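> Next come a sequence and a model predicted from it.
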Amino acid sequence: MTLRIGWGAALVTVITFLTIFFAWPVGAMLLRGILDDAGALNLSAFGEVLTTTRTWQIVGHTLTMAVLGTIGSVVFGLPAAYILYRTDFPGRTVLRSITLVPFVLPTVVVGVAFRALLGSNGPLGFLGMDQTTGAIVAAMVFFNISLIARQVGGLWQMLDPRTVEAARSLGASRARAFCTITLPALTPAIGASAGLVFLYCSTAYSLVRTLGSPGVGTIETEVFRQTQTFLDLRTAAVFSALQVVFVLASVWLTQRLSHRATTALRLQHPVRQPLARTDWFPFGVTMFAVVVIILLPMITLIERSLITNDGYGLDNYRLLVTSSGSGFAGGTTAAQALEHSLKIALDATIITLVAAMLISLIITRDANHPVLARGQRFLDTFIMLPMGVSSVTIGFGFLVSIHAVNPSLGQSGVLVPLAQAVVALPLVVRTIIPVLAAVDPKQRQAAAVLGASPTRILATIDAPYLLRAMGLAAGLSFSVALGEFGATSFLASPDYQTLPVYIVRLLNRPGADNFGMALAAAVVLGIVAAIALLIGDRIRPRIRSTR
Amino acid sequence: MKKSLPLLVASALALTGCSIADQAPDSAEETQPTVTIMTHDSFNVPDELIAAFEDESGYSVSTTSPGDAVAMLNQLILQQDNPTVDGVYGIDSYSAPELLNHDMLTPHDADLGSAEQYTVDADTEDQLAPIDHGQVCVNIDNEWFDEAGIAPPETLDDLTDPAYEGLFVTTDPTTSSPGLAFLVATITDQDDWQGYWQDLLANGTKVAGSWSDAYYSDFSSAGDGDYPLVLSYSSSPSAEEGRTSSALGTCTEQVEYAGVVDNAVNPDGAKAFIEFMLDTEFQSSLPEEMYMYPVNDEVALPEAWEQHADLAEEPITADLTEVAENREAWLHDWTDLYENATS
Amino acid sequence: MKAINLTNVHLHYGTGHNLGDAVLNGADLQVAEGEIVGLLGASGAGKSTLLRVIAGLQQPSAGTVIVAGITTDDDGMRPVPPHLRDCTMVFQDAQLFPHRTVAANVAYGLEAAKVPRAQRRQRVAQVLEMVQISELANRAVTALSGGQAQRVALARCLALNPAVILFDEPLSALDRGLRQTLAVDIRELLKQTGTSAVYVTHDADEATTVADRIAVVEDGKIVELGPVGELDSSALTESVTRLLGGIGEVSGRVTSVSEQSTTVELIDQHVVLPGRHGAVGDTVMVQLRR
């Protein structure tokens, strides 16, 4: 009975959270788009917008870039997953850490780094890729390699090597064994992570704005344009609906891929083999990805942050603490902004972890009723929506919903970590679910027949697995919250700026010092976020029962 | 154990106090009434000035900044029925008429003094108080033109001259406010603005996504780019120590206004804040803090500004009522034109 | 008092009008106190489902289930959840908890039952001694062999001193020699502790080694075969004959005949007999011996 109440409370908490901080704001915006002044349903905008050629050019452009970005991330991420998670060699941890950094860098900063790299006077200027679709795709790959590598690698290191050995002994070549044995086993992880990457790519905003020519743009830039510039909420609602279609399509695809091969695999000790001569190909691809796609832009960024009026130096970093750069005095210093960011990110992390844990537990429960199972699938899909909803919709939505009802709450800054939690939630839930799903349901049954009540099962069987995922989940949500810009910029009070918002404001002022400070602050942000992620990655509590 | 779930939720919620507690007003301030001002995202005032205002007026100041002038306008419209702010600062010339059309401000009752010259013509009820102004101008990389031995352009017409082919980077008028100012300037200045833009694009003009993009990535002086001409502000050269200057014939005027929101909780607080912004001390902080020129004539400009931040004597001045009526149509036309020219 | 009493138990998947295939179709089973029943049956016959119903891991659609004197499932009654039944289970793949040591696995049920620490230690040591793996107490369970893992699984159940232990093909993954040794040990331990058991397997040797009595699950029903000592091979059905590994006679169809040999198709496999017997298409009786 108490457990039923527990689950009921968990469900109510989760639904309340998602309704207030996501469904309500977004719904309020969409309603304004489909209701006319008299409050009657008016869908004429759909007809108008969907029959325009430009709309389909935008959709095509979005789709093309997202697909290319996803393919690129998988092509480089898969070898990286093998090299970084399945083999062992000196420097592996360092390489792995490097791949994690891009994920947490604010997109605006990455935009600057890529332009510095690819611009006509940059180290890779000869490629002529500056402000082309190619540059955007490269930046998408830069961001997402680690996502693929981490999720696929996490599964790969758990695979029993004997299965492949069996295939080899039956006459399969290396390639055949990979395609027929390893690849199918990895499909759920590849599907799940590629689905996430596709979502990230199809909703990229700052990257597209900074790196591409402002041609037709993407669905996301169009939602921004229609909302910010024209306040044309009807048209914006149509494009938002298109984005939701994208999300649902990719979630559906992901679930199809992962369902096909969901085998409950027992968590076992990761298997790593020493790097062998035969690994030259994946190793080469990984090194290319790490050095050219990931390190070069970051090095360019660091190099430019060190440029001062007279050669190289740490002046920009010094300015971060003192804040008295020319033409920029008073207000918040970068150090203060960082402090704000850290505190807000800590709040966001706690909120995200609680919500993500409850949601993951609810989704992975054995549902004994078809209605409950359908509810689980719905929640599983619904939780992905925040990724596909434009931050301008979320930001404006908060203002017309929560803010309008309770202005003091809106101004208190409480909404910032909550909005960041909503943004981080899909990714974190996606990190926890595979771990929980890996718990063989028979383990719970074994505990039950040994006399463990359902609550005890939760505490003694699920919890240890959950805790293993918790460190990583915490690191992820902390760094995502730390780098979040879109929704934060709408909600953060100017008196309590976060570091990404501060960086963008610096970038909006003329003067070499301000530009240098922005880059230096971006480097600091990247380092802090990376450290958070790495610490999280290391925390894997080993649960040993006390006898 | 049985209560573990709810307990966990409760304790986690209790833990999330760090940043929120940090942001809550001090207990001393809580006794003071609050005045809430919506500002643009470049708003910056020294803490001492705000503290002095709070001491003097007895109000504690809270600000929200949803974005640039257009974002502020949109948000004010969305919140018209139940405003969450008392006052607004940072509405620019192009958003001002539309704000007046929506009739959502009350008279500010402030003594404008020399700021009077910057008021909006359509503002018959003293709803908008000018606070600062500036000009959007094409900025020139002086060193580049010296080395190339070419005279820099002076007017909008010069920009379509083949001599300046591939030298100019501007910003997207649909997403950047200097871009919009520049588009309006061309529409005001040129008889056939669409023809002018076709020539401009045919002459290798680049359109960047944002000001920082154009300025720090494409501009050859501040950035590492290939374009020695960039759309920026008349104030920008003050930060570049003589390396850049403005093409004064391309400049167009922009004024930023403040107002008191209708149905506000604390209209008196908003009025007091407007008085404060018109005051000498705040006015003198404007150049260094927000890169804008004071509307108060008696305030002296900083030295770097006196030297480098020249203003055009007769900037291109648009008919703001016409802008308010046509802004959206122009932007749609421009988008069509630009996308046709580049695809 | 009977340790287990199943009366007319039905179970089918699906709900409402959309009734799926019946897995249990009126199964009856009685197990006396201290008695060990071996349960045989073809794959998919419903053996494991029956165990899960007894353990409470699955609810029957209809019928009465009484475990250790408590009516756990009855039509319209709220089922007693698995952890409150006086019965434990040894799974096919042991299902040891990988994050716990051997001793901690054995202590698991005692912790749940809130047995004081000191007593718990004592009991764990005692049970490990019984199953002859005292030296493994502090090992990680991931490092155990298959036989050792099943000993831990058994110890984990015995520690609770339950009325009933259910075995779901516990030895099927082990090699034949080890299987025989363990089967003997299991019987000895069950008898020593007086624990009732239902022992599901598809290996007739194993069943006859462990159990007092053999029953067969067929079409969702339970067919009693009687005590091990009195098993009458002629009473066995064809499927059981096959399952029992070749005691008795089965009928088959002759598929090819030559002077040297005759091929006969039994239920789903062919046997080649020396010499010539009958003609192709004939039905013949074949006496199978080990």
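Thanks, I have it.
> show me what contacts A:Ser341?
A:Leu482, A:Thr498, A:Leu499, A:Pro500, A:Leu525 (Cβ atoms under 8 Å, 6 or more residues apart in numbering or on different chains). Where you see a C-beta, it was placed from the backbone N, CA and C, and this is true even at glycine.
> And the next helix or strand past the host helix or strand of the first one?
So that's A:Leu482. Counting by DSSP states H and E, the element that carries A:Leu482 is helix A:463-483. Moving toward the C-terminus from helix A:463-483, the next helix or strand (DSSP H and E) is helix A:486-491.
> can you map out the strands along the stretch 101-250 of chain C?
Ranges of strands within the stretch 101-250 of chain C are C:164-168, C:196-200, C:213-218, C:221-227, C:248-257, based on DSSP state E, counting those that start in this stretch.
> if we can go back for a sec, closest to C:Pro170 among the contacts of A:Ser341?
A:Leu482 (51.3 Å; Cβ to Cβ).
> which ones are touching the closest one?
Applying Cβ under 8 Å, 6+ apart, the residues contacting A:Leu482 are A:Val104, A:Ser341, A:Leu342, A:Ala345, A:Leu499, A:Pro500, A:Leu525, A:Val528, A:Ala529, A:Ala532.
> Which of those fall within helices?
A:Ser341, A:Leu342, A:Ala345, A:Leu499, A:Pro500, A:Leu525, A:Val528, A:Ala529, A:Ala532 (DSSP state H).
> Can you give me the distance of the third one to B:Ser42?
The span separating A:Ala345 from B:Ser42 equals 25 Å under the rule Cβ to Cβ, to the nearest Å.
> Could you check which of those two has the larger neighbour count?
Neighbours of A:Ala345 and B:Ser42, each counted by other Cβ atoms under 10 Å in any protein chain shown, are more numerous for A:Ala345; the result is 29 against 17.
> roughly how far apart are that one and chain B?
Distance, A:Ala345 to chain B, by Cβ to the nearest Cβ, to the nearest Å: 9 Å.
> which residues touch the closest residue in space to that residue that isn't next to it in sequence?
Ranked by Cβ to Cβ, 6 or more residues apart in numbering or on different chains and with sequence neighbours excluded, the top spatial neighbour of A:Ala345 is A:Ala481, at 4.0 Å. Residues near A:Ala481 by Cβ under 8 Å, 6+ apart: A:Ile344, A:Ala345, A:Ala348, A:Thr349, A:Thr352, A:Pro417, A:Gln420, A:Ala421, A:Val423, A:Ala424.
> What about these, which are in helices?
A:Ile344, A:Ala345, A:Ala348, A:Thr349, A:Thr352, A:Pro417, A:Gln420, A:Ala421, A:Val423, A:Ala424.
> now A:Trp24, what's its secondary structure?
helix (DSSP: H, G, I helix; E, B strand; the rest coil).
> burial measure for it, as a count.
Neighbour tally, A:Trp24, other Cβ under 10 Å: 17.
> swap in C:Asp93?
Neighbours of C:Asp93 (other Cβ under 10 Å): 18.
> So which residue is smack in the middle of the chain?
Going with chain A. The residue lying closest to the centre of chain A (Cα atoms, centre = their mean) is A:Leu427, at 5.4 Å.
> try chain C instead
Nearest to chain C centroid, counting by Cα atoms, centre = their mean: C:Val200, 1.2 Å.
> Tell me what it is bridged to.
Judged by DSSP bridges, the bridge partners of C:Val200 are C:Leu39, C:Asp168.
> and the gap between the nearest residue to C:Ala153 once chain neighbours are set aside and C:Leu154?
In space, not counting the residues next to it along the chain, C:Ala153 is nearest to C:Ala94; the distance is 4.4 Å by Cβ to Cβ, 6+ apart. To C:Leu154, C:Ala94 is 9 Å away according to Cβ to Cβ.
> so what sits against both of those two?
What both C:Ala94 and C:Leu154 touch, as defined by Cβ under 8 Å, 6+ apart, is the set C:Pro170.
> neighbour-wise, which of these two wins?
C:Leu154 (26 against 22).
> How far off centre is the lengthiest helix in chain A?
Counting residues, the longest helix in chain A under DSSP H turns out to be helix A:53-85. Its chain's C-alpha centre and that of helix A:53-85 lie 15 Å apart, by Cα atoms, centre = their mean, to the nearest Å.
> The helix or strand just after it pairs with which strands, parallel or anti?
For helix A:53-85, the following helix or strand on the C-terminal side (DSSP H and E) is strand A:87-88. If you go by DSSP bridges, strand A:87-88 pairs up with strand A:273-274 (parallel).
> average model confidence for the partner strand?
Average pLDDT, strand A:273-274: 81.
> Please pull up the helix or strand immediately following it.
helix A:280-288.
> Just the C-alpha atoms of that next one, please, in PDB.
Output in PDB follows, covering the C-alpha atoms of helix A:280-288 (Å, rounded to 0.1, in the frame of the first residue of the first chain):
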ATOM      1  CA  TRP A 280      44.900   1.000 -36.900                       C
ATOM      2  CA  PHE A 281      41.800   2.000 -38.800                       C
ATOM      3  CA  PRO A 282      39.500   2.900 -36.000                       C
ATOM      4  CA  PHE A 283      42.400   4.400 -34.200                       C
ATOM      5  CA  GLY A 284      43.300   6.600 -37.200                       C
ATOM      6  CA  VAL A 285      39.700   7.800 -37.500                       C
ATOM      7  CA  THR A 286      39.500   8.500 -33.800                       C
ATOM      8  CA  MET A 287      42.700  10.500 -33.800                       C
ATOM      9  CA  PHE A 288      41.600  12.500 -36.800                       C
END
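> which residues of chain C fall in helices?
C:47-55, C:102-112, C:117-130, C:146-158, C:176-193, C:204-210, C:238-243.
> Now tabulate the ones you listed in CSV and tack on mean pLDDT.
Converted to CSV, the helices of chain C look like this (pLDDT from 0 to 100):
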stretch, mean pLDDT
helix C:47-55, 89
helix C:102-112, 90
helix C:117-130, 94
helix C:146-158, 92
helix C:176-193, 91
helix C:204-210, 85
helix C:238-243, 50
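> sorry, back to before: what does the average pLDDT come to for the helix holding A:Leu482?
84.
> contacting residues around B:Ser176?
Counted by Cβ under 8 Å, 6+ apart, B:Ser176 has contacts B:Gly209, B:Ser210, B:Trp211.
> what's the answer for B:Leu73, then?
A:Leu231, B:Ile91, B:Ser95, B:Glu98, B:Leu99.
> I'd like the distance from it to C:Arg151, if you could.
77 Å.
> now do C:Arg176
Taken as Cβ to Cβ, the span from C:Arg176 to C:Arg151 is 17 Å.
> same check, this time on C:Val106
10 Å.
> Pick out whichever of the two has more residues nearby.
C:Val106 (32 against 24).
> Is that one in contact with C:Ala159, as I believe?
Yes: counting by Cβ atoms under 8 Å, C:Ala159 is a contact partner of C:Val106 at 5.3 Å.
> Now list whatever residues contact both of these two.
C:Val124, C:Val127.
> From B:Leu78, how far out is B:Gln102?
Gln isn't right for residue B:102; it's His. 11 Å.
> hmm, I was thinking of B:Phe43
Counting by Cβ to Cβ, the gap from B:Phe43 to B:Leu78 is 20 Å.
> so which helix or strand takes in B:Leu301?
Counting by DSSP H and E, B:Leu301 is found in no helix or strand.
> got the contact list for the closest residue to it other than its chain neighbours?
Spatially, and ignoring its direct neighbours in sequence, B:Leu301 is nearest to B:Pro287 (5.9 Å; Cβ to Cβ, 6+ apart). The contact partners of B:Pro287, taken as Cβ under 8 Å, 6+ apart, are B:Ser235, B:Ser238, B:Tyr293, B:Pro294, B:Leu301, B:Pro302, B:Trp305, B:Ala309.
> In the stretch 1-150 of chain B, mark out all the strands, start to finish.
So, for the stretch 1-150 of chain B - with DSSP E, counting those that start in this stretch - the strands run B:34-40, B:60-67, B:87-92, B:105-106, B:129-141.
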